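Trainee: Compute the structure for the input listed below.
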Amino acid sequence: MHVAIRLLQINLALWGLVLWWGLARSGVVRGRTAPPQRFAATLERLGTTFVKLGQGLSLHREFLPDDYVTALQKLHDRVQPFPFEQARAEVEASFGSPLKELFAQFQPQALAAGSIAQVHRATTRDGRVVIVKVRRPGIRRQVEEDIRILRWFVRSVLWLLPGLRAIKPLELVDELARNLHKEINFRQEAHNIARFAEMFHGSPTVYVPGVVDDLYTEWVIVQEMSPGRRIDDPAFLPQGPRLAANLVDVYLHQFFVEGVFHGDPHPGNLFVLEDGRICFHDFGLVGFLDRRTRMGLIAFMMAFVQQDGDWLVDAYLDLGVLAGALDREEFRAGMEELVQDYARKPLNDLSFADAFLRIARMGHGRNARLPHHLLVLLRAVFLMESTVRRLAPRFNLVEGLFNKAGALLETAGGAGDPGARFKYESFVSLRQLPSDLSRALHRMRGDGIELSVSHRGLERLQEEIDRTGRRLSLALVTLGLYVASLLLMQHSIGPRWGEIPVLAILGYVLALWLSWRLGREIGRR
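Mentor: Below you'll find the predicted structure:
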């Protein structure tokens, strides 16, 4: 009976929204509420699952208009806290002990309540002040039922409006459902908290309150309570430039060194402690970047700063966000237009996130579908840029992102360097060479390589092929020496003779000698 009532409730709300939208588009009805706000209000009325799905949908800026993104990001969980007795039962069932044995004090009144969980203040037996986050009873079953009903609704809409198949709504529902299931499993959040607490242990600029004594289950997390005030508190305005620089440094470290980052840095999740450190809260949304993606993002940032349209296209292709038939010339023209537009703006107004989004929206989203980790990245950068500009309006984000991104970005030199891309590609190729050779040797050792070609009358051809192969190998080694010597000369690595690096001189001498040998052999043939 409950499922039937819920099915009727969801279908009436969603089909009513579709009908209203169609009548509004045709001009039959007019209302004071704009479609984005009406859409968000409908999801909010449907409760937890649809609020969380709407918040997840707001990540998809590549095909959602800005007004819909803004409306969905403002969705809130307006729910009453559940009774203390239920919270007590969840905690005791999770840890297998009575509440009075687990905590010296436990406040019955919730500090905060949401549709997924509520938070209580407590004191451990050894005197530490903590917060206890307790999942709402029955939330998993409700989410699973709502997702099944939503899939049925989407299939029925696609039957009536097959043109919507282009945006693959069922795949979108599956993605949102997977992320929602992760959010209601507190084990994952506890692991995220522990990882970030270890990552920033002893940091002079960042603090992450850790999980207490591994007290966590799928339903409950016990975490250290940290004093502090929101980062957008007016009292912190005098410290704005310092906090902005620290926040940018923290995110560059997460992006390019750790490969894992806090995905929801809005002011409500960023506190400032009395000693000036930035305290991060809420690790339900965390992004992960593998090494290849990190290198692709570095290339994109460098191409953006160098204002190189062709390089931007290549970097976007390397990130794997372009799909379907791609008209490269049309896309390159769009990149050039973007570059020219940004060239006319002051440095303070440049936005890496905005540029990334504008490219994703080229062709009205036909050629781009951002994977989840890049959606989380885009959200994090948008929120981080917004917070930085609120803290320090004159802060140069381009300089902060580009010049502080670590050793890899330093290979690009200053803005406007004509050799930036060559240096970047050379660096990446040389860095990947050992791993590529290792994989090749592993395949040879495991599978073996055996080539046997024998035919009478082809002996001279076989000898010539062998000689050509040796010459090609020698040419590749020579090219590698030139590139390595160039990098050694550029960065002045190793001992010097006067102002010239000795290793670079030796590399050039050896490369020239190999070039002479190669040229002489080719000339003789």
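
Trainee: now the end-to-end length of stretch 176-189.
Mentor: Using C-alpha to C-alpha, to the nearest Å, the end-to-end distance of stretch 176-189 comes to 17 Å.

Trainee: Quick check: buried residues in that stretch?
Mentor: Along stretch 176-189, the positions that meet the burial threshold by neighbour count (16 or more other C-beta atoms under 10 Å) are 176-177, 179-180, 183-186, 188-189. C-beta coordinates here come from the backbone N, C-alpha and C atoms, glycine included.

Trainee: between the residues you listed, which is nearest Thr49?
Mentor: Nearest to Thr49 out of these is Leu180 (C-beta to C-beta; 7.0 Å).

Trainee: so what are the domain limits for the protein?
Mentor: The chain resolves into domains spanning 2-77+140-183, 228-447, 461-525 when parsed by automatic domain parsing.

Trainee: can you put these in TSV and add mean pLDDT and distance to Val220?
Mentor: Listed next are those as TSV, based on pLDDT from 0 to 100; distance: least, C-beta to C-beta, whole Å:
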stretch	mean pLDDT	distance to Val220
domain 2-77+140-183	79	14
domain 228-447	74	15
domain 461-525	70	52
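
Trainee: okay if I get the ones you listed as TSV plus distance to Gly202?
Mentor: Putting the domains of the chain into TSV (distance: least, C-beta to C-beta, whole Å) gives the following:
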stretch	distance to Gly202
domain 2-77+140-183	29
domain 228-447	11
domain 461-525	30
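
Trainee: Next, the contact list for Val154, please.
Mentor: Contacts for Val154 (C-beta atoms under 8 Å, 6 or more residues apart in numbering) come out as 169-170, 173.

Trainee: one more time with 10 Å, if that's ok
Mentor: Residues in contact with Val154 (C-beta atoms under 10 Å, 6 or more residues apart in numbering) are 14, 164, 169-170, 172-173.

Trainee: Gly259 versus that one, what's the distance?
Mentor: According to C-beta to C-beta, to the nearest Å, Val154 and Gly259 sit 34 Å apart.

Trainee: for Phe236, same thing?
Mentor: Relative to Gly259, Phe236 is positioned 30 Å away (C-beta to C-beta).

Trainee: and what of Leu12?
Mentor: When C-beta to C-beta is applied, the distance between Leu12 and Gly259 equals 45 Å.

Trainee: what does Glu464 give?
Mentor: Distance of Glu464 to Gly259, given as C-beta to C-beta: 48 Å.

Trainee: repeat for Asp174
Mentor: 25 Å.

Trainee: Gly22 too?
Mentor: On the measure of C-beta to C-beta, Gly22 and Gly259 end up 45 Å apart.

Trainee: check contacts around the residue nearest to the spatial centre of the chain.
Mentor: Computing the C-alpha centroid of the chain and ranking residues by C-alpha atoms, centre = their mean puts Leu377 first, at 2.6 Å. By C-beta under 10 Å, 6+ apart, the contact list for Leu377 reads 59, 255, 261, 263, 287-289, 293, 297, 353, 356, 370-371.

Trainee: of the residues you listed, closest to Met199?
Mentor: Phe261 (10.2 Å).

Trainee: How about the contacts made by Asp264?
Mentor: Contacts here follow C-beta under 10 Å, 6+ apart; on that basis Asp264 touches 55, 270, 280-287, 376, 379-380, 383.

Trainee: quick one: it is in a strand?
Mentor: No. Secondary structure assignment places Asp264 outside any strand; it is coil (DSSP: H, G, I helix; E, B strand; the rest coil).

Trainee: So for the helix or strand hosting Thr70, what gets flagged as buried?
Mentor: Taking DSSP states H and E as the definition, Thr70 sits inside helix 66-73. Burial within helix 66-73, assessed by neighbour count using 16+ other C-beta under 10 Å, is assigned to 68-69, 71-73.

Trainee: Please compute how far it lies from its chain's middle.
Mentor: When distances are taken as C-alpha atoms, centre = their mean, to the nearest Å, helix 66-73 is centred 19 Å away from the chain's centroid.

Trainee: and for the helix or strand that comes right after that helix, what are the contacting residues?
Mentor: Towards the C-terminus, the helix or strand next in line after helix 66-73, according to DSSP H and E, is helix 84-95. For helix 84-95, the surrounding residues in contact (C-beta under 10 Å, 6+ apart) are 81-83, 97-103, 106-110, 117-120, 122, 132, 134-138, 186, 215-222.

Trainee: what's the next secondary structure element after helix 84-95?
Mentor: Scanning the chain past helix 84-95 towards its C-terminal end, the next helix or strand to appear is helix 99-102 (assignment: DSSP H and E).
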